[in-house]
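Visitor: Got a predicted model here, sequence first, then my questions.
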Amino acid sequence: MFKKLAAFVFGASLISSAAAAFGLTTSGSSFIVDTDGGLVFTVNSSNGDVTSMKFNGIEARALFLRSHIGSGIGASCSWVRTGNDNNYIKITCTAGSLTQYYVARYKDPAIHMATYITAEPSVGELRFIARLSRSAVPNGHPNAAIVGGTAIEGSDVFKVGSQTRSKFYSSRQFIDDQVHGVTGSGVGVFMIIPGTGYESSSGGPFMRDINNQGGDVQELYYCEFCLLSLNSGHTQTESYRMGLHGPYALWFTSGATPSGSIDTAFWSGLGVNGFVPTTSRGRVTGKASGIPSGFASFQSVGFSNGAAQYWARTDSSGSFTSPYMKPGTYTMTLYKVELAVASQSVSVSAGGVATSNIASKEANPAVIWQIGDFDGTPRGFLNADMIEWMHPSDSRMHGWGPITFTVGSAISGFPMAIFKTIGPVTVRFTLTSAQGGARTLQIGTTLAFAGGRPQVVINGWTGPAPAAPSQPDSRGVTRGTWRGNNNMYTVNIPSGVLTTGSTVNVLTINVISGSSGDMFLSPNFVFDALRLY
């Protein structure tokens, strides 16, 4: 009996000891949080910075540097133990119109976070940046490793040896970016953006932004357009959204990549501004149709309004179900790869499931010839397979031009972009007698810089000069993206311009603009596809 009682007391002691490990202690202006999941982190209560992150005894933070929103928000912070069974510690840091939440969940090796804003804050690029020790976590995105590099464009694109590197080349499309991180011996640090974590961002499903920069300090970002990318010019294509950004989490492991499917339901019990629980949301289900079968695996549906954005990939039959969305009326868009081919309105109610089928409205004329696919991307064109990961000047790139392309050749010889000071692309083709007369040429583009747009010369005839496109104020393609505003330029070619028979037609596509610049920072645009019909 005594042995049983002793065992019970000993077991109870262990339980009490384990429970006591989870908690918060204060030391001066430091809130020190033990998650009892291997992670102990510290928040400076006088400014909101994270000053220490120890996982299984390994200090992951960069020496003398801090992790924070923007470059620090100078917030004042308070804390409370709350939630189910008091298994949560919420630290609330407020600075004007911005509130940053840090949450510890019992046994999670993570700093759960969310950022709430009611107006444009003054911190510039609104982002969470974890400044980590390079010695602790040296392994980041290889194309963002800038150690030993020399800046070749601005202060954010570098040449390291014979290769170009930049934080921009660590990006992934939002629709595919749920987990990214850095690792070292016995420790990995990962940013997790689960489920609806990008709902208050902007730019849509194919937006990309910074994930990592590996310099003397290993930087890990939550950059849903740097949350808002205020004043950042990272190819911003729509208005900024206020409200709650996240939740998101900085998750620690022994090196393995964690799942992006983490539970966020517990946030509903924490008294967080702007959090909308699943029970107060609705969904949209339906079927997409009308997209050619060759693109069936590359179609998705997006939803957006002034408050939120969401997306879902369709299955092979076109069926889809949206994430849980805030109630409201949304513009629903069908994408063929990245090209919007239909849109309509759909309303979402709390607890409801709306059915909304959508069909492509894309025009598909019978063409004489076509170069590339109209899919909102330059994929398949020369250098398109590398432009997201390196600068156009990189030695691994193929020459940009001037280029002459013959219709019928492999499209890998056609440039994904042309630059004003580098030169045009010339297209050569022949026509049968039945293909002559007045014709229509269409040139699709996905992004332009400095007002760049196409003007054509065909057999000595000069086509009209189109107006400058509406595009983001960004360097664009040198930052590793082709995503901007899609434009279709239509050129009506009068009868008598094109020749038939064995005589070769010569089409020259030039970049025109009222702006100037040099090489890859001269006016330019990215091709989607082009066709003659």
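Guide: Okay, I see it. Residues are numbered from 1 along each chain as shown.
Visitor: Give me the neighbour count for residue 50.
Guide: 24 (other Cβ atoms under 10 Å). Bear in mind the C-beta positions are built from the backbone N, C-alpha and C, glycine included.
Visitor: Could you list the alpha-carbon positions for stretch 50-66 in CSV?
Guide: In CSV, the C-alpha atoms belonging to stretch 50-66 read as follows (Å, rounded to 0.1, in the frame of the first residue of the first chain):
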residue,chain,number,x,y,z
VAL,A,50,11.6,38.9,-29.9
THR,A,51,15.0,38.9,-28.3
SER,A,52,15.7,35.2,-27.8
MET,A,53,14.5,31.9,-29.3
LYS,A,54,16.1,28.8,-27.7
PHE,A,55,15.1,25.4,-29.0
ASN,A,56,16.4,22.4,-27.0
GLY,A,57,19.0,24.8,-25.6
ILE,A,58,20.2,26.0,-29.0
GLU,A,59,19.9,29.8,-29.4
ALA,A,60,18.5,30.5,-32.8
ARG,A,61,18.5,34.3,-32.7
ALA,A,62,21.2,36.4,-34.3
LEU,A,63,23.6,37.9,-31.8
PHE,A,64,22.6,41.5,-30.9
LEU,A,65,19.8,41.4,-33.4
ARG,A,66,16.1,41.1,-32.8
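Visitor: Report the distance from it to the chain centre.
Guide: 27 Å (Cα atoms, centre = their mean, to the nearest Å).
Visitor: Quick check, residue 148 in contact with residue 160.
Guide: Yes. Look at residue 148 against residue 160 with Cβ atoms under 8 Å: they come within range, at 5.7 Å.
Visitor: Residue 510 pairs with what?
Guide: Counting by DSSP bridges, residue 510 forms beta bridges with residue 455.
Visitor: ok, it touching residue 454?
Guide: Yes. Contact criterion Cβ under 8 Å: residue 510 and residue 454 qualify, at 7.1 Å.
Visitor: So which of these two has more stuff around it?
Guide: Comparing residue 510 with residue 454 by neighbour count (other Cβ under 10 Å), the higher total belongs to residue 454, at 25 against 19.
Visitor: Tell me how far that one lies from residue 173.
Guide: 26 Å (Cβ to Cβ, to the nearest Å).
Visitor: Also residue 463?
Guide: For residue 463, the distance to residue 173 - Cβ to Cβ - is 34 Å.
Visitor: could you pull out the helices for the stretch 1-150 of the chain?
Guide: Listed in chain order, the helices of the stretch 1-150 of the chain (DSSP state H, counting those that start in this stretch) span 2-21.
Visitor: Let me know how buried residue 150 is, in neighbour terms.
Guide: Neighbour count of residue 150, defined by other Cβ under 10 Å: 8.
Visitor: Equivalent analysis for the one 5 residues further on, please.
Guide: When neighbours are defined as other Cβ under 10 Å, residue 155 has 6 of them.
Visitor: same thing with residue 172?
Guide: 15.
Visitor: Could you do residue 75 as well?
Guide: 22.
Visitor: domains for this protein, by residue range?
Guide: 24-138+170-269, 278-359, 369-532 (automatic domain parsing).
Visitor: Just put the ones you listed in a markdown table and tack on distance to residue 153.
Guide: Below are these laid out as a markdown table (distance: least, Cβ to Cβ, whole Å):
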| stretch | distance to residue 153 |
| --- | --- |
| domain 24-138+170-269 | 14 |
| domain 278-359 | 25 |
| domain 369-532 | 6 |
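Visitor: Please name whichever of those is nearest to residue 164.
Guide: The closest of those to residue 164 is domain 369-532. By Cβ to Cβ, the value is 3.7 Å.
Visitor: Can you give me the pLDDT of residue 208?
Guide: We have a pLDDT of 89 for residue 208.
Visitor: Let me fix that, I meant to ask about residue 2.
Guide: Note on residue 2: pLDDT of 34.
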